[in-house]
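Trainee: When you get a sec, could you give me coordinates for this:
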Amino acid sequence: MRPIVEFCTNNMHHGTDEVMRKLEENPELDVIEYGCLGNCGQCYMEPYALVNGEIVAASSPDELHEAIHAKIKEWEAQFAWLDE
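Mentor: The predicted model follows:
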């Protein structure tokens with residue numbers, strides 16, 4: 001099962017468009033852009049994305065990119081026992 005990373009177009013002014021483009025290069029991820037994710041307060045305040053439905057936020061686009069990867073690794077670790 002591939003991780004799903006969702007972005008809000010209204011949050012792109014924080015630089016999340018660059019993060020989204022970098023993640024789209026990875027064929028192991030499903031990256032989706034929506035007009036609105038319904039988290040308007042979060043969207044206004046800081047860069048964020050949803051990773052498998054969970055909010056991941058940071059103070060900069062670079063930190064968001066790192067936080068997304070950390071959340072994906074955490075998610076994959078939860079399901080590692082399925083590969084055994």
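Trainee: mind checking how far the residue nearest to residue 58 when sequence neighbours are not counted is from residue 5?
Mentor: Nearest residue to residue 58 in three dimensions, chain neighbours excluded: residue 64, at 4.0 Å (CB to CB, 6 or more residues apart in numbering). Any C-beta I mention is one placed from the backbone N, CA and C, and that applies to glycine too. Distance from residue 64 to residue 5, counting by CB to CB, to the nearest Å: 10 Å.
Trainee: shared neighbours, the two?
Mentor: Contact criterion CB atoms under 8 Å, 6 or more residues apart in numbering; residues shared by residue 64 and residue 5: residue 49.
Trainee: so where's this structure shaky on pLDDT?
Mentor: 82-84 (pLDDT under 70).
Trainee: Could you rerun that using 90?
Mentor: Residues of the chain that meet the criterion pLDDT under 90 lie in 1, 76-84.
Trainee: now the helices for it?
Mentor: Under the criterion DSSP state H, helices of the chain are mapped to 16-24, 40-45, 61-78.
Trainee: just the ones you listed: most buried one?
Mentor: helix 16-24 (a mean of 18; mean count of other CB atoms under 10 Å).
Trainee: Packing partners of that helix?
Mentor: Secondary structure elements in contact with helix 16-24, counted by 3 or more CB pairs under 8 Å, 6 or more residues apart in numbering; DSSP states H and E, are strand 4-8, strand 30-34, strand 48-51, helix 61-78.
Trainee: Cheers, nothing more for now.
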